[in-house]
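K.L.:
test case, fold it:
(2 chains)
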Amino acid sequence: MDCDAARLLILFLRRQRRELDPAEAQALDNHLAECPECQARADTDARLDEHLGRTMRSVSVPEGARSRLVARLRATDRWSMARSRAAAVAVAAALFLAAWVGVRSGERERVDLHGAWVAANEQYRSQPDRVQAWFHDTYRICTVAPSGFNYDCLVFYDLADFQGKRVPLLLFTRGEANARVYIVAQTQFDLSDAVDQPGYNVELRREPGQEHVAYVVVYTAERLDTFLKPAETRLTSAAEESATGAQ
Amino acid sequence: MGLTAKHGTVQRLVEDHYDMLYRYAFRLTGTAADAEDLTQEAFCKAHLKYDQLRDSSCLKAWLFRIMRNCYLQSARAAKPRRFVSLEEVGDVAEPLPGPLPAIDPERLQRTLNELPEMFRTPIILFYFEDFSYRDIAEHMDLPIGTVMSRIARAKAHLRARLLAPAPEAVLAHASQGASHGL
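P.N.:
Okay, the predicted model is just below:
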C-alpha cells in the first residue's frame, strides 16, 4: 500500500469500530508501522475526530423535557380512550335506533324510481353555482367547483372516496370519454407536493385565487381540453368576472 | 396491545432513548425549543405506530428514522435556507501544529446549520458513535459509499471551519520552530 491509498483509508478509519475491510485494515496497519508521516496523519485524524465528537455529543437535555413528553403521551392516551368509548356508545345508539325504527316500520324502504330519475336530471348540466349550492344544502360543505370546465358535459356529482377521505366528485362525459374531477381541499391534503404523472391521463389543476383547493382530474379522452370550455368562452367569462369584480 | 400496556412500553422508550434522540434533534435543528418539539413529535408518532414495529432489535434505528422523517417534513414546510457548497472542500486534513483549539459549541452548531441535511445527518450520526457507516446508510436509504464520501466532506468542512489554526498561531509555531533551529 502506498501513502496515497493509506491517506484515503485514514479518512474513513474509525479506530474504535474497525469498519474497514479486514484485508485493507491489515494493509493499512502494515503501512502505518513503516511510514511515520502517515502514522502522524492517522494520529492527528483520530485526535480531531475525538475532539469534534466530544463537542458534538455534549448537548444538555433541558430539565423537565422528558416529563413534559410523558404527560403529553398520557393525555393522548386519555383522549384515545375517551374517543374509543364515545365511538362505542355511538355505535350502540345507532344499532338501537335502527332496531327501533325497524320494529316501528316493519318494512324496508321501497326503491323510488321516479325520485331517482328526478334527482339525476336535476344534476345534469348544472352550473358551478348550482353544484356548490347542492353540496352546501346536502352536506353543509362549502366547496368551489372548477370554473374552466364545460358544464354542458356535467352528468353527476356527489361525495366520493379519495385516498381515504370523502371529497366532492364531479363527473363529466363527452361521447364515450369521461372525466372525474375530485375537489381536494388544503385542509385535507398537502397540495404542495403532488408530482405530475406524464403519460397518464391525470392532472392536478389549480385556479387563480383558489389556493385552498385543487382539482384532481382523471380522464379517459386523449386530451383534457375535451371537457374544458372553449378558449374563447373562457376568455369572455374571465372578462365578465373581472368586470363584475370591478363594479 | 391495550392502551395502558402500550403506554407503559412507550414510557420505557422515552426513558431509554429520550436523551439520545433529543441530542440528535438539537444538532439537526440548532435550537433547544425546536429540538424539544421535534423529539416530542417523533415520540408521539412512535407511540401511534408502535404496533407496526416488527423487530424490537431495530427499535433505535426505527426511532431515529421517525425523527428524521419528522425533521424533513418540518424542514420542507419551513422557508428555504441557503447552505454552503462542499464542492471546494478538500478531502484530507493536514496535521495540525500544537494542541487542538477548544471548539465553541455555538460555533459548531452554526457550522452544522450551514450544511445541507444530506451532509448534516450523516456527520451527526458519525460523531454520535453508536452508528456504523452501514447503519447510517440504512438510516438514509443510501449506498454506503455515498455515505462515507458525504461524511468525509462534511468532516473536512467542520475541521476547516472549527479547527484550522488562526494565521497568527501558524506564524508563532513557525517562528518557534525557526528559533529552535528547525
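K.L.:
okay, now the unreliable bits of the chain?
P.N.:
Going with chain A. Within chain A, the ranges that satisfy pLDDT under 70 run A:15-17, A:75-109, A:232-247.
K.L.:
that's the wrong chain, I wanted chain B
P.N.:
B:1-9, B:77-98, B:164-182.
K.L.:
now the helices: where do they sit in it?
P.N.:
Secondary structure of chain B (DSSP state H): helices at B:3-29, B:32-49, B:59-77, B:105-114, B:117-128, B:133-140, B:144-162, B:167-179.
K.L.:
what's the angle between the longest one and helix B:32-49?
P.N.:
This points to helix B:3-29. 140 degrees (axes from the mean of the first three to the mean of the last three Cα atoms, to 10 degrees).
K.L.:
list the buried ones in helix B:3-29?
P.N.:
B:6-7, B:10-11, B:13-14, B:17-29 (16 or more other Cβ atoms under 10 Å in any protein chain shown). Backbone N, C-alpha and C define where each C-beta goes, glycine included.
K.L.:
report the angle between that helix and helix B:59-77.
P.N.:
60 degrees.
K.L.:
elements contacting helix B:3-29?
P.N.:
With contacts taken as 3 or more Cβ pairs under 8 Å, 6 or more residues apart in numbering or on different chains; DSSP states H and E, helix B:3-29 sits against helix A:65-105, helix B:32-49, helix B:59-77, helix B:117-128.
K.L.:
show residues contacting the second one.
P.N.:
Residues lying outside helix B:32-49 but in contact with it, judged by Cβ atoms under 8 Å, 6 or more residues apart in numbering or on different chains, are A:62, A:65, A:68-69, A:72-73, A:76, B:6-7, B:10, B:13-14, B:18, B:21-22, B:25-26, B:28-29, B:62-63, B:66-67, B:70-71, B:74.
K.L.:
give me the phi and psi angles of residue A:166.
P.N.:
phi -90, psi 120 (degrees, to the nearest 10).
K.L.:
now the residue nearest the centre of chain B: how far from chain A?
P.N.:
Centroid-nearest residue in chain B, with Cα atoms, centre = their mean: residue B:124, separated by 1.8 Å. Using Cβ to the nearest Cβ, to the nearest Å, residue B:124 is found at 7 Å from chain A.
K.L.:
hang on, that residue packs against residue B:21?
P.N.:
No. Applying Cβ atoms under 8 Å as the test, residue B:124 and residue B:21 come out as separate, 11.8 Å apart.
K.L.:
with adjacent residues omitted, what lies nearest to residue 72?
P.N.:
With no chain named, the answer covers chain A. residue B:40 (6.1 Å; Cβ to Cβ, 6 or more residues apart in numbering or on different chains).
K.L.:
not what I meant, chain B
P.N.:
That would be residue B:117: by Cβ to Cβ, 6+ apart, it lies 7.0 Å from residue B:72.
K.L.:
residue contacts, the one you found?
P.N.:
Contacts of residue B:117 by Cβ under 8 Å, 6+ apart are B:28, B:71-72, B:75.
K.L.:
going by distance to chain A, which of the residues you listed wins?
P.N.:
residue B:28 (11.0 Å; Cβ to the nearest Cβ).
K.L.:
quick revisit: next, count neighbours for the residue nearest to residue A:72.
P.N.:
By other Cβ atoms under 10 Å in any protein chain shown, the residues close to residue B:40 number 18.
K.L.:
returning to what we had before: buried subset of the contacts of residue B:117?
P.N.:
B:28, B:71.
K.L.:
and which of the contacts of residue B:117 is nearest to residue A:116?
P.N.:
Ranked by distance to residue A:116 (Cβ to Cβ), the contacts of residue B:117 are led by residue B:72 at 49.4 Å.
K.L.:
count the neighbours of the closest residue to residue B:101 other than its chain neighbours for me.
P.N.:
Closest residue in space to residue B:101, ignoring its immediate chain neighbours: residue B:163 at 6.3 Å, by Cβ to Cβ, 6+ apart. For residue B:163, the count of nearby residues is 16 (other Cβ under 10 Å).
K.L.:
you'd agree residue B:163 is up against residue B:103?
P.N.:
Yes. With contacts counted by Cβ under 8 Å, residue B:163 reaches residue B:103, the gap being 7.3 Å.
K.L.:
contact partners of stretch A:196-211?
P.N.:
So stretch A:196-211 is contacted by A:144, A:146-148, A:186, A:191, A:194, A:214-221, A:224 (Cβ under 8 Å, 6+ apart).
K.L.:
how about that stretch: buried residues?
P.N.:
Those would be residue A:203, for stretch A:196-211 by 16+ other Cβ under 10 Å.
K.L.:
gap between the two ends of that stretch?
P.N.:
Start-to-end span of stretch A:196-211 (Cα to Cα, to the nearest Å) is 18 Å.
K.L.:
chain center to it: distance?
P.N.:
14 Å (Cα atoms, centre = their mean, to the nearest Å).
K.L.:
please apply the same query to stretch A:219-232.
P.N.:
With Cα atoms, centre = their mean, you get 26 Å for stretch A:219-232.
K.L.:
repeat for stretch B:18-38
P.N.:
So, by Cα atoms, centre = their mean, the centroid of stretch B:18-38 is 10 Å from its chain's centroid.
K.L.:
got the CA positions of it in PDB?
P.N.:
In PDB, the C-alpha atoms belonging to stretch B:18-38 read as follows (Å, rounded to 0.1, in the frame of the first residue of the first chain):
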ATOM      1  CA  TYR B  18     -35.000  10.400  25.000                       C
ATOM      2  CA  ASP B  19     -31.600  11.800  25.700                       C
ATOM      3  CA  MET B  20     -30.000  10.400  22.500                       C
ATOM      4  CA  LEU B  21     -32.900  11.500  20.300                       C
ATOM      5  CA  TYR B  22     -33.000  14.900  21.900                       C
ATOM      6  CA  ARG B  23     -29.300  15.400  21.100                       C
ATOM      7  CA  TYR B  24     -29.800  14.300  17.500                       C
ATOM      8  CA  ALA B  25     -32.800  16.700  17.300                       C
ATOM      9  CA  PHE B  26     -30.800  19.500  18.700                       C
ATOM     10  CA  ARG B  27     -28.000  19.000  16.300                       C
ATOM     11  CA  LEU B  28     -30.500  18.800  13.400                       C
ATOM     12  CA  THR B  29     -32.500  21.900  14.300                       C
ATOM     13  CA  GLY B  30     -30.000  24.000  16.100                       C
ATOM     14  CA  THR B  31     -32.200  25.300  19.000                       C
ATOM     15  CA  ALA B  32     -33.400  23.800  22.300                       C
ATOM     16  CA  ALA B  33     -37.100  24.700  21.600                       C
ATOM     17  CA  ASP B  34     -37.100  23.200  18.200                       C
ATOM     18  CA  ALA B  35     -35.300  20.100  19.400                       C
ATOM     19  CA  GLU B  36     -37.800  19.500  22.200                       C
ATOM     20  CA  ASP B  37     -40.800  19.900  19.700                       C
ATOM     21  CA  LEU B  38     -39.200  17.600  17.200                       C
END
